[in-house]
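Enquirer: Prediction below, plus the sequence it came from.
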Amino acid sequence: MNSLVVMPFTPNTRSGRGNRTTGIIRALALLGRVEVVYVGLDDAKPDSALVANSAIKLRRISPSRGVKRALLFRKARARGVPRGFASNLSCELLEALAGRKKEGFDRVVADSPTAASALLLLGKKRPIYYNAHNLESAMSADLEGWSKEDLNELVHFERSLLETAYEAWLPSNRDLSGAAKLAPEARLRLVPNVVDVASITPVRAPESQGALFVADFSYKHNRRSARFLITDVMPRVWKQLPQARLMLVGRRLALTRELDPRIEVRDFVEDLPGVYAAAGCALVPLLESRGSPLKLIEAMAYGLPIVATPFAAGGIDGLESDVHYLEGEEADGFAAAVVRALSGRASTIGAAARKLAESEFSIEALSRRLAE
């Protein structure tokens, strides 16, 4: 089975959306040849695992500007494509999806709403798969700053997109259920986020009481989660475990207040295995229903005890509280779960989570799912 993936950004693992798409590309490459056509807007490099894979061909395109691009933007807006997606749609991206039919691809995948919006401009239903990173309208309804008019436009656009695509791929049953309600005529498939579990060696939680939160803090919801840990959770943890440490790792966490010396802040790190190996538990303190958190799956692969909120765990199908993770709701509940994890009272949790990651959230597991 040969596949074409068309995407509006460089395929690498430096962001959540990049992790999702890279995992899907590698899973497809286990089934046959994959060509990836991507828009390169900066100096970002494709993931080294994609470059080294002989089954994957990478082709970078540069979007043009000028009259044709302006006309395409107008046409996209007239078809109901929201302004943000329409402005990122280029003639080259449209041509990559429209002109590849005769090249022997069994499956053509439009990655993200920007690329998939081309479906509404091609004039007729085509056998193109839409890789959705989230149910966009459900996520945006939780965000501040969205007017009722803008949200209604997004809902209409997403419904059209889901129903026009040959098949839409969504990362969780929560997203799948929402998509089925939004677009009853759509053909939907569960395609979960995955990580390269085979390349991750499980770690053993050390005796040191370090609680680790890895995230991209350029996103507001992750900054809010960090503040929740700093202000509400850790003071409660310290009442029982005065030596406990909070380790915040990820890019763009700018904190203006003076922190307790037991809180360690680090930017993006290359040695992520070393960071996990130094921690006693991993934290996923998501405070909103926002997609399927890849950092939770990554923590599962490392085999550390995990403390997660119901919102975070709800985005990963198959997780059971007290089996694969410790659940903590609000500050008191989350702090109690952290104390339990750091006190060594959750010894089997990490191993069970690792097994679930291997069976359901690995690249190999996704390849088997996509072959069905």
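Expert: Cool, got the structure.
Enquirer: show me where the stretch 1-150 of the chain has helices.
Expert: Secondary structure of the stretch 1-150 of the chain (DSSP state H, counting those that start in this stretch): helices at 16-29, 48-52, 67-78, 83-88, 91-98, 112-116, 136-141, 148-164.
Enquirer: closest one to Leu4 among the ones you listed?
Expert: helix 91-98 (8.0 Å; CB to CB). For every residue, glycine as well, the C-beta is placed using N, CA and C.
Enquirer: Relative to the whole chain's centre, how far out is the closest one?
Expert: Distance, stretch centre to chain centre, for helix 91-98: 25 Å (CA atoms, centre = their mean, to the nearest Å).
Enquirer: If you count contacts, what does that helix end up packed against?
Expert: For helix 91-98, the contact count by 3 or more CB pairs under 8 Å, 6 or more residues apart in numbering; DSSP states H and E identifies strand 3-7, strand 34-39, strand 56-61, helix 67-78, helix 112-116 as packing neighbours.
Enquirer: If you count neighbours, what's buried in it?
Expert: Within helix 91-98, the residues that qualify as buried are Cys91, Glu92, Leu93, Leu94, Ala96, Leu97, Ala98, counting by 16 or more other CB atoms under 10 Å.
Enquirer: Repeat that for stretch 48-63.
Expert: Within stretch 48-63, the residues that count as buried by 16+ other CB under 10 Å are Ala49, Leu50, Asn53, Ala55, Ile56, Leu58, Ile61.
Enquirer: Contacts only, for the fifth one.
Expert: Read it as Ile56. Listed by CB atoms under 8 Å, 6 or more residues apart in numbering, the contact set of Ile56 reads Ile25, Arg26, Ala29, Val34, Glu35, Val36, Leu50.
Enquirer: The same query, at a cut-off of 10 Å, please.
Expert: The neighbours of Ile56, taking CB atoms under 10 Å, 6 or more residues apart in numbering as the test, are 3, 5, 11, 25-26, 28-29, 33-36, 46-47, 49-50.
Enquirer: Any chance of the helices of the stretch 1-150 of the chain in CSV with distance to Gly344 as columns?
Expert: Output for the helices of the stretch 1-150 of the chain, formatted as CSV (distance: least, CB to CB, whole Å):
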stretch, distance to Gly344
helix 16-29, 31
helix 48-52, 35
helix 67-78, 56
helix 83-88, 47
helix 91-98, 52
helix 112-116, 42
helix 136-141, 37
helix 148-164, 46
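Enquirer: Which of these has the lowest mean pLDDT?
Expert: The stretch with the lowest average pLDDT out of these is helix 136-141, scoring a mean of 73.
Enquirer: hang on, the earlier thing: looking at the helices of the stretch 1-150 of the chain, which is closest to Asp42?
Expert: helix 16-29 (12.8 Å).
Enquirer: Nearest residue to the middle of the chain?
Expert: For the chain, the residue nearest the mean C-alpha position is Gly16 (3.9 Å; CA atoms, centre = their mean).
Enquirer: That one is in contact with Ser292, isn't it?
Expert: Yes. Contact criterion CB atoms under 10 Å: Gly16 and Ser292 qualify, at 9.1 Å.
Enquirer: out of the helices and strands packed on helix 91-98, nearest to Ala299?
Expert: Closest approach to Ala299 among these (CB to CB): helix 112-116, 24.8 Å.
Enquirer: centre of the chain versus the closest one, how much separation?
Expert: 15 Å.
Enquirer: What helices and strands are in contact with that helix?
Expert: For helix 112-116, the packing partners by 3 or more CB pairs under 10 Å, 6 or more residues apart in numbering; DSSP states H and E come out as strand 3-7, helix 16-29, strand 34-39, helix 83-88, helix 91-98, strand 107-111, strand 128-131, helix 148-164.
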